[in-house]
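>>> could you work out the structure for the sequence below:
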Amino acid sequence: MIDDPNHPPSDDVRPTDIPVAFHKTEKLVVALLESASQAIVIVDRAGRIALVNRRAGEMFGYIPEELLGARMELLVPESRRAAHGRQREEYFQRPRARPMGIGLDLSGQRKDGVEFPVEVSLSAVETEEGTFGIAFVSDISVRKTLEQQLVHAQKMEAVGRLAGGVAHDFNNMLTVIAGYNRMILDELSNLDPLRGYAEEIHKAAERASALTNQLLAFSHRQIMQPRVVNLNAVIGQTENMLRRLIGEDIQLVMSFGADTGNIRTDPSHIEQAIVNLAVNARDAMPLGGRITIETSNTRIDETYAKTHMGVEPGEFVMIAVSDTGHGMDSATRQRIFDPFFTTKPPGKGTGLGLATVYGMVKQSGGDIWVYSEPGQGTTFKLYFPRVAEPVSPGAFEEPEHAHRDAAETLMLVEDETQVRELEVKMLKQLGYQVLAAANGEEALDVSQAHPGKISLLVTDVVMPNMSGKQVAEALLSHRPDLRVLYLSGYTENTIGHHGVLDSSVDFLTKPFTREALARKVREILSRQGPTQEQPHVA
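Numbering: from 1, shown residues only. Model (predicted):
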């Protein structure tokens, strides 16, 4: 017996207030215990378990009979049992209620030795047999997991704000550095002793540009131009490159689901994610091994969604990238998506590879999860929402060439003087006539004064007073055949929602090379048919 019916449980409750059913039957008490969502464990002063409910057995992996008479410390991790015993003795010296809202945050240990986080609230009851402590135990594993995901997301957001804040100015500077250096290289012969210095500047600018893009990717601020793609086709195009990257001592196995559905994403992000994961897997197998890339359709149910913040149940397409490498322990797994965290030796990695993959998957509305144990290899699973639409038409491809015979007239609008001067020189070197303006108002004046045709507007997106979109709209009202190319080093909040641009927007991210500018301008001017409708970009 746990309680004395003749002894009121508290000063506020009198025996006459308690229904007769409580005094005459234990069935209702048992039903209450067994229907509780929490584990209920009742112990005596000596720490022996006097009573448990079914939920306690389920939570800790025992049948109730195994727990009756056992020491309470059986349910506590071995490393904490001594301290727990002292705390229990202190509690019985001064029993008191400890509501769940201000309960203890502890760890429990299951029968198989696995530890898990629990929250415990305590109360005490006096009976004829003595004082008993009642512990109400909640498994808070799911809550802890979501809290960790939230902290990680907040950390990514904080670094992302920093990255976005510096991206514009930094990318503008890189554009100037790389652009003028390209011109210097054009003027230097292969025998010139200064050419080596210029080539090193070029390499450094490329590395700086790649670093900026990684920062923007993991912070969900990399510019996306999504379209509907078939995952098998996108990954298949990376096979030759992957084989070169991983080396001959590593076997690459591709296993694609026959009916794998379509997803909406930027295909270049998928390729970059696969490459990053493959390189990471290669580094985990210094003596060789096997990398397996699989695709399949899958459904994410309510259970998975509840334990993965930001994920909605539904139909998804999955990519699994597995290796036979050395694997990871729990502490490493918890940090692998953190920016700048790496287990590689100094100089062998920036710590942004997996953070970049994380950002690109999240930006596409998907989720990423890792399964790994020391010595057992690693599997990354990437989930992308499945769509019913057919694959989008392929992007226009134009052979690379640096110069043009026809001298179309372009208008360039850029508020940064150094960047504007460089872009004017680039476009003129490519054979175009260029009308330059430092802002939107000046662009309107230049357009009004120019009697001839202007084939293309090349404009920065974010400028004082008038944005690039406003400039384009104003010019299109007088020149409906004008085509538009947007340039920017800015990201998410200033370009589009979550860094995503409408598929009809022509956009070039700073910094860019002269060759990239040449291809993009030629692609736009070579299109047939009427000018596209102005899309939403900001």
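>>> make it CA atoms for all contacts and neighbour counts henceforth
Will do.
>>> isn't R45 up against E89?
Yes. Using Cα atoms under 8 Å, R45 is in contact with E89, at 7.4 Å.
>>> what's the burial count for the nearest residue to E302 once chain neighbours are set aside?
In this structure, E302 finds its nearest non-sequential neighbour in P313, 5.7 Å apart by Cα to Cα, 6 or more residues apart in numbering. By other Cα atoms under 10 Å, 14 other residues sit near P313.
>>> what does the pLDDT read for P313?
Predicted confidence (pLDDT) for P313: 83.
>>> could you do R227 as well?
Note on R227: pLDDT of 83.
>>> show me what contacts it?
Applying Cα atoms under 8 Å, 6 or more residues apart in numbering to R227 gives the contacts 264-267, 391-392, 503.
>>> can you get me a residue count around the nearest residue to K469 once chain neighbours are set aside?
Residue nearest to K469 in three dimensions, not counting chain neighbours: V461, with 6.6 Å by Cα to Cα, 6+ apart. Other residues near V461 come to 25 when the count uses other Cα under 10 Å.
>>> and what of E442?
Neighbours of E442 under the rule other Cα under 10 Å: 14.
>>> look up how far Q448 lies from it.
10 Å (Cα to Cα, to the nearest Å).
>>> and what of F136?
From F136 across to Q448, the span is 78 Å (Cα to Cα).
>>> those two: who's more crowded?
When F136 and Q448 are compared for neighbours, F136 comes out ahead with 22 against 12, by other Cα under 10 Å.
>>> name the SS class of K344, please.
coil (DSSP: H, G, I helix; E, B strand; the rest coil).
>>> any idea how far R244 is from it?
Look at K344 and R244: by Cα to Cα, they are 21 Å apart.
>>> where exactly do the strands run in the stretch 1-150 of the chain?
Counting by DSSP state E, counting those that start in this stretch, the stretch 1-150 of the chain has strands at residues 39-43, 49-52, 104-109, 115-127, 130-139.
>>> among those strands, which comes closest to K425?
strand 115-127 (62.9 Å; Cα to Cα).
>>> circling back to that earlier point, and of the contacts of R227, the nearest to L150?
Closest to L150, out of all of the contacts of R227 and judged by Cα to Cα, is T265, at 24.1 Å.
>>> surely the closest one touches V234?
No. The pair T265 / V234 is not scored as a contact, 10.8 Å apart, by Cα under 8 Å.
>>> out of those two, which sits in the more crowded spot?
A side-by-side neighbour count of T265 and V234, using other Cα under 10 Å, places T265 first with 25 against 14.
>>> rewinding a little: and the residue nearest to E302, its phi and psi?
Phi and psi for P313, reported as degrees, to the nearest 10, are phi -60, psi 150.
>>> same thing with R94?
Main-chain torsions, R94, degrees, to the nearest 10: phi -140, psi 70.
>>> what's the answer for D112, then?
In terms of degrees, to the nearest 10, the main-chain angles of D112 are phi -80, psi 10.
>>> I figured it was touching M59, is that so?
No. With contacts counted by Cα under 8 Å, D112 stays clear of M59, the gap being 11.6 Å.
>>> show me what stretch 57-64 is in contact with.
With contacts defined as Cα under 8 Å, 6+ apart, stretch 57-64 is touched by 39, 52-54, 56, 67, 75, 108-112, 139.
>>> before we move on, the earlier item: confidence-wise, which of the strands of the stretch 1-150 of the chain is weakest overall?
Looking at the strands of the stretch 1-150 of the chain, the weakest mean confidence is strand 104-109, a mean of 77.
>>> can you give me the strands in the stretch 401-538 of the chain?
For the stretch 401-538 of the chain, the strands defined by DSSP E, counting those that start in this stretch cover 409-413, 433-437, 456-460, 483-488, 507-509.
>>> for the fourth one, the distance to its chain's centre please.
Taking the mean of its C-alpha atoms, strand 483-488 sits 28 Å from the chain's own mean (Cα atoms, centre = their mean, to the nearest Å).
>>> can you name the element that comes right after the strand or helix carrying S322?
Here S322 sits within strand 314-323, counting by DSSP states H and E. Proceeding N to C from strand 314-323, the next assigned helix or strand is helix 330-333, under DSSP H and E.
>>> name the helices or strands packed onto the next helix or strand after that following helix?
Where DSSP H and E defines the elements, the next helix or strand beyond helix 330-333 is helix 353-363. Contact here means 3 or more Cα pairs under 8 Å, 6 or more residues apart in numbering; DSSP states H and E; on that basis helix 353-363 packs against helix 195-218, helix 267-283, strand 367-372, strand 378-387.
>>> which residues touch the shortest one?
Same thing as strand 367-372. Contacts for strand 367-372 (Cα under 8 Å, 6+ apart): 311, 327-329, 333, 358, 361-362, 378-384.
>>> ok, now the last one?
Applying Cα under 8 Å, 6+ apart, the set of residues contacting strand 378-387 from outside is 228, 261-264, 314-328, 361, 364-372.
>>> same question for the second one.
The set of residues that contact helix 267-283 without belonging to it, under Cα under 8 Å, 6+ apart, is 226-227, 229, 234-235, 238, 242, 245-246, 250, 288, 291, 321-323, 325, 353-354, 356-357, 360.
>>> S255: which element?
Taking DSSP H and E as the definition, one finds S255 inside strand 250-256.
>>> thinking again about what came up before, who has more neighbours, K344 and R244?
The neighbour comparison of K344 against R244 (other Cα under 10 Å) goes to K344, with 13 against 9.
>>> quick check: the more buried one vs D283, distance?
Look at K344 and D283: by Cα to Cα, they are 9 Å apart.
>>> per-residue pLDDT, the residue lying closest to G353 once chain neighbours are set aside?
Nearest non-adjacent residue to G353, counting by Cα to Cα, 6+ apart: N276, 5.8 Å away. pLDDT, N276: 85.
>>> ok, N276 - how many residues close by?
Look at N276: counted by other Cα under 10 Å, it has 19 neighbours.
>>> try Y383
Around Y383 there are 28 other residues, counting by other Cα under 10 Å.
>>> can you check S392 too?
A count of nearby residues for S392, using other Cα under 10 Å, gives 13.
>>> not counting residues beside it along the chain, what's closest to it?
Excluding its sequence neighbours, the residue lying closest to S392 (Cα to Cα, 6+ apart) is V228, at 5.1 Å.
>>> so the one you found lies in a helix, does it not?
No. V228 is assigned strand when assessed by three-state DSSP, not a helix.
>>> going forward, begin numbering at 18 instead of 1
Taking 18 as the first residue, the last one we looked at is V245.
>>> which residues touch it?
Neighbouring residues of V245 by Cα under 8 Å, 6+ apart: 279-282, 404, 406-409.
>>> picking that back up, among the contacts of strand 395-404, the buried ones, what's the PyMOL command?
Buried subset of the contacts of strand 395-404, written as a PyMOL selection, criterion 16 or more other Cα atoms under 10 Å:
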select buried, resi 245+278+279+280+281+332+333+334+335+336+337+338+339+340+341+342+343+344+345+378+381+383+384+385+387+389
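>>> separation between the closest residue in space to I157 that isn't next to it in sequence and S155?
Leaving aside its chain neighbours, I157 sits nearest to V135 (5.3 Å; criterion: Cα to Cα, 6+ apart). Separation of V135 from S155 (Cα to Cα): 5 Å.
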